[in-house]
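Enquirer: Give the three-dimensional model of this entry:
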Amino acid sequence: MRHIEGGVTAARGFQAASTAAGIKYKDRMDMAMIFSQAPCRVAGTFTTNVVKAAPVKWDQQVVKESAYAQAVVVNAGIANACTGAEGYGYCRDTAQAVSELLKLPKEAVLVASTGVIGMQLPMERIRTGIGKMVPELDDSVESGTLAAQAIMTTDTQKKEVAVQVEIGGRTVTVGGMCKGSGMIHPNMCTMLAFVTTDLAISRELLQEALSEDIKDTYNMISVDGDTSTNDTVLLLANGMAGNPEITEKNQDYETFCKALNMVNETLAKKMAGDGEGCTALFEVKIIGAETKEQAVTLSKSVITSNLTKAAIFGHDANWGRILCAMGYSGARFDPEQVDLFFESRAGKLKIIENGVALPYSEEEATKILSEPEVTATADIKMGEATATAWGCDLTFDYVKINADYRS
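Expert: Purely as a prediction, here's the structure:
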């Protein structure tokens, strides 16, 4: 497996475009489009929030019922959530506008929105934006990058990645882009992610690969404990790599799953590390667990602890907050058997052994915790299972950003 430049346009046959439609922002691009030159098998996973945005409902129907998908339209600024029948109708209108220009069935068009909840989309601007993007569709790296920038809201940087692997004697590419910075919490997050591949694979295995992989990637990140109304991950496969179609769980399937995991984990970490107002990506590893479920529960409890997140912001080795968060997680373990380590590019330091503090250097701990990526590893000495979760520190700026986001 090798990393290559690009994102959603890296795989054969995929194009992208973006434009400034003035949906909410007045000084930047706020719409993006992805188009495949060939029909795609499509898989999707969506928010677990009972309150689901109109585009989530539209895409769920496309993924479940449509013969194929070939285009995705995304807008930033307005979420089209809690907008009733009118909002759902706007999804249909958006798909129809794309359908007419690209000569596709509207059921082959996916839509996604992110931004303020409760506002209706300005459909004339949406239609105008679509009209501008269709002639600009291009398979260049730059087009993919601009699309990744156009879907941002409070994100501070674009998020994209692409990898290549050999499958069935052919080079297969998997690329993706995402957005997400706030209202991020496990079981999908306030996030949109779009992954494209030129792999030939059955629809059933494509969905299974995605559904399994999000458990260890997007569902293992948290910024603020809020699960969004719009969370969507879409995976499109157009088969243009020319490999023998994957119809069973063989070595080719495993190779694809590893590439998909690399893309999804990279995007997930980019979101966690770009949490609203944050200064550091905070990674929590639980090792030595009895079961995977136990390790997942413990790691998620730590990354969602506000006290722990505040300590990371203050570069304070307040390990008691981590042990406390593990203790109220609901997972059973012996706190008197726990070893805890802090690690970053500045070094690695064992903080506690068998639940008791070691005579470590506070100065060295602060140096380690002052890096932009910090890892806490807890060994609970019960077995061989592990899990890793990702979050970020909690800063003054998080409150500032969210205090007036709507207005």
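
Enquirer: Could you tell me the per-residue confidence at the residue lying farthest from the centre of the chain?
Expert: Taking CA atoms, centre = their mean, the residue of the chain most remote from its mean C-alpha position is residue 359, at 39.1 Å. Reading off the confidence values, residue 359 has pLDDT 95.

Enquirer: Secondary structure element holding it?
Expert: Under DSSP states H and E, no helix or strand contains residue 359.

Enquirer: mind listing what the residue nearest the centre of the chain touches?
Expert: The structure's the chain has its C-alpha centroid closest to residue 268; by CA atoms, centre = their mean the separation is 4.3 Å. Counting by CB atoms under 8 Å, 6 or more residues apart in numbering, residue 268 makes contact with 217, 218, 220, 221, 390. Quick note: C-beta positions are derived from backbone N, CA and C, even for glycine.

Enquirer: what about residue 29, which SS state?
Expert: Going by DSSP: H, G, I helix; E, B strand; the rest coil, the secondary structure assigned to residue 29 is coil.

Enquirer: That one and residue 139, how far apart?
Expert: Noted for residue 29: a distance of 18 Å to residue 139, by CB to CB, to the nearest Å.

Enquirer: Tell me the spacing between residue 352 and residue 286.
Expert: Distance of residue 352 to residue 286, given as CB to CB: 14 Å.

Enquirer: Of those two, which one has the most company?
Expert: More neighbours surround residue 286 than the other of residue 352 and residue 286, with 30 against 19 (other CB atoms under 10 Å).

Enquirer: for the more buried one, phi and psi?
Expert: Main-chain torsions, residue 286, degrees, to the nearest 10: phi -110, psi 120.

Enquirer: Does the residue nearest to it when sequence neighbours are not counted lie in a helix or a strand, and which?
Expert: Spatial nearest neighbour of residue 286, excluding adjacent residues (CB to CB, 6 or more residues apart in numbering): residue 295 at 4.1 Å. Remark: residue 295 resides in helix 292-303, with elements defined by DSSP H and E.

Enquirer: which residues are in contact with that helix?
Expert: 186, 220-222, 282, 284-287, 289, 308-309, 322, 325-326, 328-333, 376, 378, 380, 382, 385-391.

Enquirer: please redo it, this time with the cut-off set to 7 Å
Expert: Counting by CB atoms under 7 Å, 6 or more residues apart in numbering, helix 292-303 makes contact with 186, 222, 282, 284-286, 289, 308, 322, 325-326, 328-331, 376, 385-391, all of which sit outside it.

Enquirer: So which residues make contact with the following helix or strand past it?
Expert: Note on helix 292-303: by DSSP H and E, the next helix or strand toward the C-terminus is helix 306-313. Helix 306-313 is contacted by residues 279-280, 282, 302, 318, 321-322, 325, 369, 374, 391, 393-395 when judged by CB under 7 Å, 6+ apart.

Enquirer: Please apply the same query to stretch 6-15.
Expert: By CB under 7 Å, 6+ apart, stretch 6-15 touches 4, 16, 34-38, 137-141, 143-145, 147-148, 160-162, 173-177, 194, 196-198, 238, 240-241.

Enquirer: change it to 8 Å
Expert: 4, 16, 34-38, 137-141, 143-145, 147-148, 160-162, 173-177, 194-198, 236, 238, 240-241.

Enquirer: In helices, which of those residues fall?
Expert: Per DSSP state H, helices hold the following members of those: 141, 143, 144, 145, 147, 148.

Enquirer: number of nearby residues for the third one?
Expert: Other residues lying near residue 144 total 32 when counted by other CB under 10 Å.

Enquirer: cool, and the fifth one?
Expert: One way to gauge burial is a neighbour count; for residue 147, by other CB under 10 Å, it gives 29.

Enquirer: where are the low-confidence patches of this protein?
Expert: 181-190, 223-227, 404-407 (pLDDT under 70).

Enquirer: Please enumerate the helices of it.
Expert: Under DSSP H, the chain gives helices at 54-65, 84-102, 123-133, 141-150, 203-213, 251-272, 292-303, 306-313, 319-327, 362-369, 396-403.

Enquirer: Using a markdown table, lay out the ones you listed together with distance to residue 74.
Expert: Shown next, in a markdown table, are the helices of the chain (distance: least, CB to CB, whole Å):
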| stretch | distance to residue 74 |
| --- | --- |
| helix 54-65 | 9 |
| helix 84-102 | 10 |
| helix 123-133 | 10 |
| helix 141-150 | 8 |
| helix 203-213 | 18 |
| helix 251-272 | 15 |
| helix 292-303 | 27 |
| helix 306-313 | 29 |
| helix 319-327 | 35 |
| helix 362-369 | 36 |
| helix 396-403 | 21 |
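
Enquirer: Of all the ones you listed, which one is nearest residue 47?
Expert: Counting by CB to CB, residue 47 lies closest to helix 54-65 out of those; the figure is 6.1 Å.
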